[in-house]
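*Asks:* Coordinates for the following, if possible.
(chains A, B, C and D)
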2 protein chains.
Amino acid sequence: MSEGTKRRLKLWIRLLSVTRSAEAELREFLRVRHGSTLPRFDVMATLYRRREPCSMSELSRMLLVSNGNVTAVVDRLEADGLVVRHPSESDRRTVLVSLTAEGLAHFETLAREHEAEVARIFSTLSDADVDALTEILKRATKR
Amino acid sequence: MSEGTKRRLKLWIRLLSVTRSAEAELREFLRVRHGSTLPRFDVMATLYRRREPCSMSELSRMLLVSNGNVTAVVDRLEADGLVVRHPSESDRRTVLVSLTAEGLAHFETLAREHEAEVARIFSTLSDADVDALTEILKRATKR
DNA sequence: GCCAGCAATTTCAAGCTTAAAACTTTTATG
DNA sequence: CATAAAAGTTTTAAGCTTGAAATTGCTGGC
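*Replies:* Got it, this is the predicted structure:
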C-alpha cells in the first residue's frame, strides 16, 4: 500500500470525526433551543436560499439524500405547517415545495442563531485556516 | 453578522457536502461489493485497530454515536457471527465485544479495498493538499 | 397517434440514529 | 456498613435514511 493511500485514509478518518462532532453540536442546538432537527433545517435552508418553489427531486439532489428521504421530511414539515406542496403547472409529475409564511418566519429566527453556532464550533480555526480549508475542499469536489 | 461568521458558514456547508459525497460513495462500495454498511464497517474497524476487546461504551465514544446505536449494530453483527459479546471479569456491568475469527477474516479483506476506495475518492487532492487538510482539521478538533 | 422508455414521486421494508427511561452494578460518602 | 450517586448497558418510541418497487406522467422514434 502506498504512502499516499495511508495519508488519505488518515484524512478521511479525521474529516469524518470533525464533521460528526460538528453535526452532534448542531443537532443538540436545534433540538434544545428550537425543537427542530438537522434534516428539517436543511430542507428549509434549501427552500430559503432558492427563493422560489423547489421540486422534490431538486431538494434530493441539493441535499445529497435519497428521494424517499425528502418525501418523509417534507411530510413532517408539511404536517407542522412550515412548508406546502403544490403541483407544477408545466409537468403534472412534479411536486413543488415552498416555505409557508410561518415556515419563513420560523426559519429566519433559526438561521441567525444557527450561523452563530457554526461560527462558535469553528472558532478554534483562524480566518486563514478557514479560507485554506474551504479552498482545498473545493478541489476535493472537482471530478 | 461578521465576515468571519459568513466564511465559517460557507466552510461548514462545503465540509458537509464533501463528507456526504464521500460517505455515499463508500456506502455504495460496501453495499455492492461486500453486502455491508458503513456502521458495520466502523464497528469492525474500531475493534480491529484496538486489537483487544472493547466495551460498548468505548465503541460509542470512539465512533461518536449513541450507546443505543452501538447496541443495535453489534446485535446485527453478532447475529451474523462477525463479533461476539462476553462479560468483563472486573466489572459485571461491562459488556466486551471482539471480532470472531470469521469477523477478522471478513474485515481484513474489506479493509484493503476500503483503503483503495478512500484513496480513489480523494485522488483529486495533491499530497500537499491532503497533509494541509489533515493539519487544519486537527486544529478544528482542539478545544 | 402509438408506445417504449425515461423521469418524478411515493411507498415499503429494513436498517440506522437519537434521546430518554429503565435496569443492573459499582463507587463514594457519611 | 448503608445508601445515594454515578456508570454501563439495553429498551423504547420516534424520526432519519436507503434502495427498490410501484405509480403516474412525459417524450421521442416510428
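*Asks:* Can you tell me how far the spatially most central residue of chain A is from residue A:52?
*Replies:* Nearest to the geometric centre of chain A sits residue A:42, at 3.5 Å (C-alpha atoms, centre = their mean). Taking C-beta to C-beta, to the nearest Å as the measure, residue A:42 falls 18 Å from residue A:52. (C-beta placed from N, C-alpha, C; glycine too.)
*Asks:* how about the strands in chain A?
*Replies:* Counting by DSSP state E, one finds strands in chain A at the ranges A:54-55, A:83-87, A:95-99.
*Asks:* Adjacent strands (with direction) for the last one?
*Replies:* Going back to what we said before, that points to strand A:95-99. Paired strands of strand A:95-99, with direction, are strand A:54-55 (antiparallel), strand A:83-87 (antiparallel) (DSSP bridges).
*Asks:* Quick check: which of those strands is buried the most?
*Replies:* Most buried of the strands paired with strand A:95-99, by mean neighbour count (mean count of other C-beta atoms under 10 Å in any protein chain shown): strand A:54-55, with a mean of 18.
*Asks:* Is any residue of that strand near DNA strand C?
*Replies:* Yes. Judged by C-beta under 7 Å from any atom of the strand, strand A:54-55 and DNA strand C are in contact via residue A:55.
*Asks:* what does that strand contact?
*Replies:* A:46, A:47, A:62, A:88, A:94, A:95, A:96, A:97, A:98 (C-beta atoms under 8 Å, 6 or more residues apart in numbering or on different chains).
*Asks:* Buried ones among those?
*Replies:* Applying 16 or more other C-beta atoms under 10 Å in any protein chain shown to the contacts of strand A:54-55, the neighbour count classes A:46, A:47, A:62, A:95, A:96, A:97, A:98 as buried.
*Asks:* Looking at those residues, which one is closest to residue A:115?
*Replies:* residue A:46 (15.7 Å; C-beta to C-beta).
*Asks:* wait, isn't the residue nearest to the centre of chain A in contact with residue A:63?
*Replies:* Yes. Using C-beta atoms under 8 Å, residue A:42 is in contact with residue A:63, at 5.6 Å.
*Asks:* what's the burial count for residue A:9?
*Replies:* Residues near residue A:9, counting by other C-beta atoms under 10 Å in any protein chain shown, number 19.
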